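# Here is a sequence with its predicted model. Questions after.
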Amino acid sequence: MRADAHQVFRRYLDAVGLNGVALATAAGLNTTDWFALSVLEQAGPLTSGALAERTGLTTGATTRLIDRLERLGHARRVADPADRRRVLVEHVPNLDIDAITGPARRHLGALLQQYTPEQIELLFDFFEKAAPALQAATAEIRRKT
């Protein structure tokens, strides 16, 4: 392993975090709202409890988050078709997320062109496995605080 691996990794995480802040700002949202909207867009409709779990927010904070997203027209509460007593929160696609994330995709796409198809496959295998690993690390950190 490289001697500076820890610093390289930290710079990468910091750059990802800073990009998330820039994406949220470009969307006119705070970072928590941007993240929650991303979760809803990728996962599909969720209960407020499931959204709270995925964002790490309390149930009260999640209710306020849903209210904000609803007020801005980015989410809506709908009856669960499987159980009409239950409410789901769903993403309303009124932001051009592709345009907002375009600069990151463009810059990273240019970087990926330096790699062979096999290396790209390895990188995406890593990304796929790294996401749950980072989610587990996040949960561990939250349990300690």
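Done, it's in.
# which residues are in contact with the host helix or strand of His107?
Per DSSP states H and E, His107 falls inside helix 97-112. Contact with helix 97-112 is made by 19, 23, 26-27, 41, 120, 123, as judged by Cβ atoms under 8 Å, 6 or more residues apart in numbering. Quick note: C-beta positions are derived from backbone N, CA and C, even for glycine.
# Rebuild these as a markdown table, extending it with secondary structure and neighbour count.
Listed next are the contacts of helix 97-112 as a markdown table, based on DSSP: H, G, I helix; E, B strand; the rest coil; neighbours: other Cβ atoms under 10 Å:
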| residue | secondary structure | neighbour count |
| --- | --- | --- |
| Asn19 | helix | 15 |
| Leu23 | helix | 19 |
| Ala26 | helix | 15 |
| Ala27 | helix | 20 |
| Glu41 | helix | 16 |
| Ile120 | helix | 13 |
| Leu123 | helix | 14 |
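# Which stretches in this structure count as helices?
Assigned by DSSP state H, the helices in the chain fall at 5-27, 31-43, 48-55, 59-71, 97-112, 117-144.
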